[in-house]
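Chemist: pasting the structure only:
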């Protein structure tokens, strides 16, 4: 069971430490996504160097390939992928809905076809937990239905109630366990549904509370509006996790609204396609204007990629379709995210979050 | 100008140190190939850790993209790719013949079309040297024609004589220079042509002597036969470089025959396609038998890849088409090659090369 300690506050923002069996996580924290037991294109040694203290693994991908049973036989996910720090795994639900075919949802679980080989698979809430136990995940997520956006009130309510039933079954199956189990608040954009969902989860009692059903197509304004009425009803002494978020400016706004944990594929996915995050805003390194540039990717960063490589070189690597381009830019982007998180934590400690965010935003919108 | 010192000998094999402005190279040495200003899929920091002391850059690729002028403007090839150790560049000739279209060879040079955009390009011996000077290569190679295999005596002679003319022009153009210039012996499989070629190069006087026109389709036996009569006619006090070689057993046999330097794409190309080098012979990590293997790639290696990752994990990465698979296996393969080179050097120092090679071969043919 994880322990969560809040060290300081600044408005609704919190600076804390989440302790797990595999180590401590300073919050607000960003988790790089290690989909198929690998953060795409990045060595685990290098992830460590970026200051990342926890990564996320995708249950859906791992259950299909290589399977959680094989990972268990090979010593669990930490040993398998050579990452000895904390791991959070999602429940698989989100990818079932976004990647697989022929989904059939019943009270008892979800039936789907693998996007890899078309094999028919059934997953109950208990199955999802068992898979995450096989992986030896430090933070296990309950299986939920990610309510589509937008949804009518009735659809959102029905979906939320099903997720709450499943949450209860997940907790029962998880039982006493050295690792942690997080519940997920659903309820789409409806304040009373979010509030009802949170209450039901608190009754069940989880080690942490995630906000699900966001970052699914709504505007940033809408997402912040939902957080404005959702985080206040979450237990103050437990970590709050906003799933699948997001862009740097999304993270800043969510931290202001009391969120402690984030995950997103953006740093690595962008890194592979040529988008680099910089203090002056995102840039496309494929742009011909960088051909002769001896500047670093981010003029304000001291990270090892910026210290050792020019934009001209990174541009060349993408132009020549060299693997190293995606490797360097993905790693740079994780550094950028983790530097931002470190600065966010410092700003909360110093009660300077508002001015930090104002300055960050001004500079970030230069490009 | 490089300095070459021979520390000890064992039969025809030599243990030496080649000194350049960017550092010393212990020989016999293996050079990983950094085609387009990147050893494919490998960070330069990691190349260093494998014990590599020099890498090879491909003039043909770099002259087309990003161009040697751009690399010069960005500080030269070392700074551009963040590799501060020695670099050898080939002349571009080999790739002109193997990759480009519509080649037209004249006494004055070679005209070809870029394989990237079809642009018509002319390269003279002087152009090749100027490009390599722009790159600030520590070891510059003369432009030669890589004589096709097999060739009739007359074709081989004509081709060799053209290469010798070009070698002379290269030396004249290179002039006095802090970096080094190597000549390339041609003459196909004909002893008197090889001998004549070596003599002509010695008259011109180079800092090192390469054996070209091998590793182009001939058997290992044929290659060794050519080396048997070629290396004895090379200057004993200068480094001997066998271009484009090769498999571990090719390297062992060539070291026995007096070769000091090697380059080959095999460790990285194999690494990207799933072939791993091991003390027991090469393996295909995609093989289903490795699915549940908790063994390292090479049971006899202590390199960081073998210490931290199982075959089961590497198999999974290739199966899931994850970049990290090629990254880990390429790096492992370079470690394997450099461990072998280190052992070769030790064996020569101890006058134990024969027994080392015997033991290596016996074990290597286990799989």
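Modeler: Received the coordinates, thanks. Here the structure is a predicted model, which is why all the values come from computation and not from measurement.
Chemist: could you use CA atoms for every contact and neighbour count after this?
Modeler: Will do.
Chemist: residue numbers of the stretch 51-200 of chain A in contact with chain B?
Modeler: Residues of the stretch 51-200 of chain A lying near chain B by Cα under 8 Å from any Cα of the partner chain: A:65-66, A:70, A:73-74, A:80-82.
Chemist: got a quick PyMOL command for the buried subset of those residues?
Modeler: For selection in PyMOL, the members of these meeting the burial criterion (16 or more other Cα atoms under 10 Å in any protein chain shown) are listed in this command:
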select buried, chain A and resi 65+66+70+74+80+81+82
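Chemist: tell me the centre residue of chain A?
Modeler: For chain A, the residue nearest the mean C-alpha position is residue A:263 (1.5 Å; Cα atoms, centre = their mean).
Chemist: so what strands line up beside the helix or strand that contains that residue?
Modeler: Assigning secondary structure by DSSP states H and E places residue A:263 in strand A:261-264. Sheet neighbours of strand A:261-264, with direction, are listed as strand A:29-34 (parallel), strand A:240-242 (parallel) (DSSP bridges).
Chemist: output those strands as TSV; include the columns mean pLDDT and mean neighbour count.
Modeler: Written out in TSV, the entries for the strands paired with strand A:261-264 read as follows (pLDDT from 0 to 100; neighbours: other Cα atoms under 10 Å in any protein chain shown):
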stretch	mean pLDDT	mean neighbour count
strand A:29-34	98	26
strand A:240-242	98	27
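Chemist: and of those strands, who's closest to residue A:304?
Modeler: In this view, those are compared for proximity to residue A:304 by Cα to Cα, and strand A:29-34 is the closest at 18.1 Å.
Chemist: ok, back up a step: output the strands paired with strand A:261-264 as CSV; include the columns distance to residue A:121.
Modeler: As requested, these are arranged in CSV below (distance: least, Cα to Cα, whole Å):
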stretch, distance to residue A:121
strand A:29-34, 23
strand A:240-242, 28
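Chemist: and the contacts of the strand holding residue A:263?
Modeler: For strand A:261-264, the surrounding residues in contact (Cα atoms under 8 Å, 6 or more residues apart in numbering or on different chains) are A:27-33, A:56, A:239-246, A:251.
Chemist: tell me the mean pLDDT over the next helix or strand after it?
Modeler: If you walk from strand A:261-264 toward the C-terminus, the next helix or strand you reach (DSSP H and E) is helix A:266-273. With pLDDT averaged residue by residue, helix A:266-273 scores 98.
Chemist: how many degrees apart are helix A:266-273 and strand A:29-34 in direction?
Modeler: Put simply, helix A:266-273 runs at 40 degrees to strand A:29-34, going by axes from the mean of the first three to the mean of the last three Cα atoms, to 10 degrees.
Chemist: what about helix A:266-273, distance to the chain center?
Modeler: Mean-position distance between helix A:266-273 and its chain equals 14 Å (Cα atoms, centre = their mean, to the nearest Å).
Chemist: against which helices or strands is the helix or strand following it packed?
Modeler: Under the assignment DSSP H and E, the closest C-terminal helix or strand after helix A:266-273 is strand A:275-276. For strand A:275-276, the helices and strands in contact under the criterion 3 or more Cα pairs under 8 Å, 6 or more residues apart in numbering or on different chains; DSSP states H and E are strand A:283-284, helix A:323-349.
Chemist: the helix or strand of chain A with the lowest mean pLDDT: which residues count as buried?
Modeler: Each helix and strand of chain A was given a mean pLDDT (mean pLDDT, DSSP states H and E); the minimum falls on strand A:101-106 at a mean of 83. By neighbour count with 16+ other Cα under 10 Å, strand A:101-106 contains the buried residues A:101, A:103.
Chemist: residues in contact with that strand: which ones?
Modeler: Counting by Cα under 8 Å, 6+ apart, the neighbours of strand A:101-106 from elsewhere in the structure are A:96-97, A:110-115, A:118.
Chemist: least confident of these?
Modeler: Looking at the contacts of strand A:101-106 by pLDDT, the weakest one is residue A:97, with 82.
Chemist: pull the contacting residues for that one.
Modeler: The neighbours of residue A:97, taking Cα under 8 Å, 6+ apart as the test, are A:103, A:146.
Chemist: tell me the phi and psi of it?
Modeler: In terms of degrees, to the nearest 10, the main-chain angles of residue A:97 are phi -80, psi -30.
Chemist: could you do residue A:211 as well?
Modeler: When read as degrees, to the nearest 10, the backbone of residue A:211 gives phi -100, psi 110.
Chemist: that one contacts residue A:184, correct?
Modeler: Yes: Residue A:211 is in contact with residue A:184 according to Cα atoms under 8 Å; the separation is 5.6 Å.
Chemist: need the residues of the stretch 51-200 of chain A next to chain B in CSV (columns: secondary structure).
Modeler: CSV is the format used below for those (DSSP: H, G, I helix; E, B strand; the rest coil):
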residue, secondary structure
A:65, coil
A:66, coil
A:70, helix
A:73, helix
A:74, coil
A:80, helix
A:81, helix
A:82, coil
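Chemist: what's in contact with the host helix or strand of residue A:255?
Modeler: With the criterion set as DSSP H and E, the secondary-structure element containing residue A:255 is helix A:248-256. Around helix A:248-256, the neighbours that count as contacts under Cα under 8 Å, 6+ apart are A:11-14, A:28, A:220, A:224, A:227, A:242, A:245, A:262, A:337, A:344, A:353, A:357, A:361.
Chemist: between those, which is closest to chain B?
Modeler: Top of the list for closeness to chain B, among the contacts of helix A:248-256 and by Cα to the nearest Cα, is residue A:337 at 21.0 Å.
Chemist: how about the contacts made by the closest one?
Modeler: With Cα under 8 Å, 6+ apart as the criterion, the residues that contact residue A:337 are A:30, A:248, A:267.
Chemist: what's the pLDDT at it?
Modeler: In the prediction, the pLDDT value recorded for residue A:337 is 98.
Chemist: from the middle of its chain, how far away would stretch A:294-304 be?
Modeler: Once both centres are worked out by Cα atoms, centre = their mean, stretch A:294-304 turns out to sit 26 Å from its chain's centre.
Chemist: meant to ask about stretch A:4-17
Modeler: For stretch A:4-17 - counting by Cα atoms, centre = their mean - the centre lies 19 Å from the chain centre.
Chemist: which stretches of the stretch 101-250 of chain A form helices?
Modeler: Across the stretch 101-250 of chain A, reading from the start of the chain, the helices by DSSP state H, counting those that start in this stretch fall at A:125-135, A:153-174, A:191-204, A:220-230, A:248-256.
Chemist: can you lay out these as a markdown table showing distance to residue B:90, mean neighbour count and mean pLDDT?
Modeler: Compiled in a markdown table, these are given as follows (distance: least, Cα to Cα, whole Å; neighbours: other Cα atoms under 10 Å in any protein chain shown; pLDDT from 0 to 100):
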| stretch | distance to residue B:90 | mean neighbour count | mean pLDDT |
| --- | --- | --- | --- |
| helix A:125-135 | 49 | 23 | 98 |
| helix A:153-174 | 62 | 20 | 98 |
| helix A:191-204 | 66 | 19 | 98 |
| helix A:220-230 | 54 | 18 | 98 |
| helix A:248-256 | 45 | 22 | 98 |
